[in-house]
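>>> structure for this input, please:
(one chain, ligands or ions: 2)
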Amino acid sequence: MRNFLIDTDTGSDDAVALAMALNNSNINIEAITVVAGNIPVEQGLQNALYTVDLCNKKTPVYLGEDKPLKRPLKTSEFFHGQDGLGDIGLDLKGRKARDGNAIDIIIDKVYQFENNLEIIAIGPLTNLALAIKRDPKIISKIKNCFIMGGTAFGPGNITPFSEFNFWVDPEAAEIVLQSGMEITLIDWDATKKYAWFDSNTIKSINNLNTPLSKFSMDIQNNPKKYKKKKYGNEMIELADPLAMAIALDPSIIIKSKKYNVNIDLSNKERRGENILNEEGKKNTTVILKASRKKFLDIFKKSLK
Ligand code: RIB
Ligand code: CA
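Residues are numbered from 1 along each chain as shown. Ligands and ions are numbered 1, 2, ... in the order given. Presented below is the predicted three-dimensional model:
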């Protein structure tokens, strides 16, 4: 049995990734920690708790940081909807987090499952960066770290140079990527190439006709409206589900290369940009080629 800790900013793609893991009987999700990003952290908490209930699980969910390490929080309700899950009228309030702070929980769980805990980070890296700063010894005790973030070669989805998670909290991304921890980075380049959902793909997911397949597509309501308005078509990309699918089955990766990655910490147009180096400790595996077929197979299997 694999042990996961998932750190999330519970937007419309995060919730699908959570459902994929929660619905997988081979995974023990030891904890879900919530961070500010797509939406304020309190709403992200409610969305994560809703998803756990929807999957009929008792997985503990913990409240984390409500803003980036050094910068004002910039959220993305324009894309995910005001409630973060497509504004389709879900009951996303009143659920209770487990007592405890996300940073303490990350540290505690790394020690509890020493070298047998895998971290899947699908939001800004504020929580994980603070855990590393508070206790750097956890770096060598984490079995695997799968991160959705960045754009190795670009363009990004929030600026031409950067992707949302790394743009929101570049300082946190720099701390995590430079920690020396072995990281598998599922970036925006891979998302655009392999995790796109056009109307035919969405139809094939809806044809599964399960509560989770319906949920996963219904909450894409706002992203589809946004894409239609901005680009004239409803094709969406589901970044966090790709990261989760790769965490569930890394054989989706066909070709990858390891780099040492720094992050642009300026306040200028390149804020959050990935700076790939071939010198120094090459601890970050960047995906160059992946199997869209395998991704969709795992995606569908996870929502049955
Ligand atoms: O850029 C995509 C990432 O930013 C995804 O994790 C999405 O949920 C947002 O957090
Ligand atoms: Ca996310």
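
>>> doesn't residue 36 belong to a helix?
No: Residue 36: not assigned to a helix; according to DSSP: H, G, I helix; E, B strand; the rest coil it is coil.

>>> look up how far ligand 2 lies from it.
To ligand 2, residue 36 is 11 Å away according to C-beta to the ion, to the nearest Å. For the C-beta atoms, the positions are set from N, CA and C on the backbone; glycine is no exception.

>>> what residues are up against that residue?
Taking C-beta atoms under 8 Å, 6 or more residues apart in numbering, we find residue 36 in contact with 9, 44, 64-68, 73, 75, 124, 126.

>>> ok, so of those, who is nearest residue 278?
residue 124 (26.6 Å; C-beta to C-beta).

>>> so the closest one makes contact with residue 8?
No: the pair residue 124 / residue 8 is not scored as a contact, 10.1 Å apart, by C-beta atoms under 8 Å.

>>> overlap in contacts, the two.
Taking C-beta under 8 Å, 6+ apart as the criterion, residue 124 and residue 8 both touch residue 35.

>>> need the longest strand for this structure.
Selection of the longest strand in the chain by residue count, based on DSSP state E, yields strand 253-263.

>>> contacts for whichever helix or strand residue 28 is part of?
Element membership of residue 28, judged by DSSP states H and E, is strand 27-34. Outside strand 27-34, the residues that touch it by C-beta under 8 Å, 6+ apart are 1-10, 18, 21-22, 41, 44-45, 48, 52, 57, 59-64, 97, 102, 105-106, 109, 112-113, 117, 127, 248.

>>> who in this protein is up against ligand 1?
9, 11, 13-14, 37-38, 122-123, 148, 157, 163-165, 188, 239-240 (C-beta under 6 Å from any ligand atom).

>>> let's go with 5 Å and repeat that
9, 11, 13-14, 37-38, 122-123, 148, 163-165, 239-240 (C-beta under 5 Å from any ligand atom).

>>> now intersect the residues you listed with the strands, please.
residue 148.

>>> if we can go back for a sec, any quick PyMOL command for the buried ones out of the contacts of residue 36?
Applied in PyMOL, the following selects the buried portion of the contacts of residue 36 according to 16 or more other C-beta atoms under 10 Å:
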select buried, resi 9+44+64+65+67+68+73+75+124+126
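
>>> farthest-apart pair in the contacts of residue 36, please.
Maximum pairwise distance among the contacts of residue 36 (C-beta to C-beta): 14.9 Å, between 64 and 75.

>>> could I get the contacting residues of residue 195?
237-239, 241-242, 292, 295.

>>> report the buried members of the contacts of strand 27-34.
Buried subset of the contacts of strand 27-34 (neighbour count, 16+ other C-beta under 10 Å): 2-10, 18, 21-22, 41, 44-45, 48, 52, 57, 59-64, 97, 102, 105-106, 109, 113, 117, 127, 248.

>>> now the helices for the protein?
Here the chain has its helices, by DSSP state H, at 14-22, 41-54, 77-80, 102-112, 126-134, 164-168, 170-177, 188-194, 199-206, 211-218, 221-231, 239-248, 292-302.

>>> what does the stretch 1-150 of the chain put close to ligand 2?
Taking C-beta under 5 Å from the ion as the contact definition, the stretch 1-150 of the chain meets ligand 2 at 9, 14, 122-123.
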